[in-house]
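> Got a sequence here, can you model it:
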Amino acid sequence: MSASSPEFDSKAIGADRVRANDKRLINCHQVDVNQLMPLKYNWAWEHYINGCANHWMPTEVPMTKDIETWRSDKLTDDERLVIMRNLGFFSTAESLVGNNLVLAIFKHVTNPECRQYLLRQAFEEAVHSHTFLYVVESLGLDEGDIYNMYHEVPSIARKDDFEMKLTADVMKEDFSTETFEGAQTFLKNLIGYYIIMEGIFFYTGFVMVLSFHRRNLMTGIGEQFQYILRDETIHLNFGIDLINGIKEENPELWTPEFQQEIIDLVKESVQLEIEYSTACLPNGILGLNSELFEEYVQHIADRRLERVGLPRQFGDKKNPFPWMSETIDLSKEKNFFETRVTEYQVSGALNWD
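As a prediction, the model looks like this:
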């Protein structure tokens, strides 16, 4: 083949080079290869680096103390119910997020640096699913009891059904973001999974499980939930940046009617989460009850709405779990956790805005 053939035409190659300004978050057709350079969305690359810096595996966390506690009489029946319900919810919810990432979001997000992060997130979802299997096996729990809760516990089933409805259209073979309706549907899917699933549904579970860790109970599970929460904080921040970026590039999507639809979805999700917290805490346990969780869910829902440019819906609700502020309200001045999780920052200090 001669150097003058089209395949080796230097002018043609130069004309095909991707410029940063050519990149778009959706509906960019230059995705034959994952051409990262030149970077346009530096926030996506920063999230990828932060995710890599927090690398961990569940099997690195010892479970001996948890096994001893679980087999003893240190936990009440109500406390055991909280742990079991959260394992039941998270074990299926993480798989729903993973499926949505791999089968829907990755396909329709056309920016290389965002796709790089999505690959990292998909791996982390696999690690989280591995975590719940590791916990179930370590404690000797009945796998059927845990993994069938999404069928058998109504409050879990309703949350899972809520999310799967948001995925249904995006999963269809002929789905496209190139129509106005398709792009809005995809944006609604992103809000449903990043803002609602990972930003609202997951956070009440984190409070419940980490409350045991504060009391020096089930510390192995608690440490793993610390790692998961650190991952999920990056997922949430990436999702918000992605949603706001798509809004900025496609402002016609953000109609008043669509904004109201999103607000209604968040309100529905808050009610579902209140029902779930009541099912987990029918009698309450030390420091936790369903009334406190109603206030907490409304508090974090308003924070999520504000970050995508929507108004608060629940008034000036306060965080009833101030001890969680140092965990969730990450600042540059403080370590995320004063535990060995910081040892996994192998790629420079994590920076949380």
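> how close does Thr110 sit to Met63?
Thr110 sits 42 Å away from Met63, going by C-beta to C-beta, to the nearest Å. The C-beta positions use only the backbone N, C-alpha and C, and glycine is treated the same way.
> Between these two, tell me which one has more neighbours.
Met63 (21 against 17; other C-beta atoms under 10 Å).
> In contact with the more buried one: list those residues for me.
134-135, 138-139, 220-221 (C-beta atoms under 8 Å, 6 or more residues apart in numbering).
> ok, and the most crowded of those?
Ile221 leads these on contacts (other C-beta under 10 Å) with 28 neighbours.
> Could you list the low-confidence segments of the protein?
1-22, 26-27, 29-37, 325-353 (pLDDT under 70).
> Does the closest residue to Ala279 other than its chain neighbours lie in a helix or a strand, and which?
In space, and not counting its chain neighbours, Ala279 is closest to Ser155: 4.1 Å by C-beta to C-beta, 6 or more residues apart in numbering. Per DSSP states H and E, Ser155 falls inside helix 154-168.
> Same check on Ser95?
In the assignment (DSSP H and E), Ser95 maps to helix 77-100.
> do the same with Leu272
helix 256-280.
> how far is the following helix or strand past the helix holding Ser95 from where the chain is centred?
Sequence order places helix 106-108 as the next helix or strand after helix 77-100, per DSSP H and E. Centre-to-centre, helix 106-108 and its host chain are 17 Å apart (C-alpha atoms, centre = their mean, to the nearest Å).
> so whichever helix or strand comes after helix 106-108 versus helix 77-100, what angle?
Per DSSP H and E, the first helix or strand lying C-terminal to helix 106-108 is helix 112-139. With axes from the mean of the first three to the mean of the last three C-alpha atoms, to 10 degrees as the basis, helix 112-139 and helix 77-100 are set at 150 degrees to each other.
> Now do the contacts for the nearest residue to Phe321 once chain neighbours are set aside.
Excluding the flanking residues, the one nearest Phe321 by C-beta to C-beta, 6+ apart is Val207, at 5.6 Å. Contacts for Val207 were tallied using C-beta under 8 Å, 6+ apart; they are 288, 293, 296, 321, 324.
> rerun that using 7 Å as the cut-off
Val207 makes contact with 296, 321, 324, according to C-beta atoms under 7 Å, 6 or more residues apart in numbering.
> Among those residues, which lie within helices?
Counting by DSSP state H, those place Tyr296 in helices.
> Looking at the contacts of Val207, which one is closest to Arg303?
Of all the contacts of Val207, Arg303 sits closest to Tyr296, with 10.9 Å by C-beta to C-beta.
> Not counting residues beside it along the chain, what's closest to Leu103?
In space, Leu103 is closest to Met171, 6.2 Å off (C-beta to C-beta, 6+ apart).
> I'd like the distance between that neighbour and Leu190.
14 Å.
> for Ile262, same thing?
11 Å.
> Could you check which of those two has the larger neighbour count?
Taking other C-beta under 10 Å, Ile262 and Leu190 do not tie; Leu190 has more neighbours (23 against 20).
> list the contacts for that one?
239, 242-243.
> Also Ala157?
Contact analysis of Ala157 by C-beta under 7 Å, 6+ apart lists 150-151.
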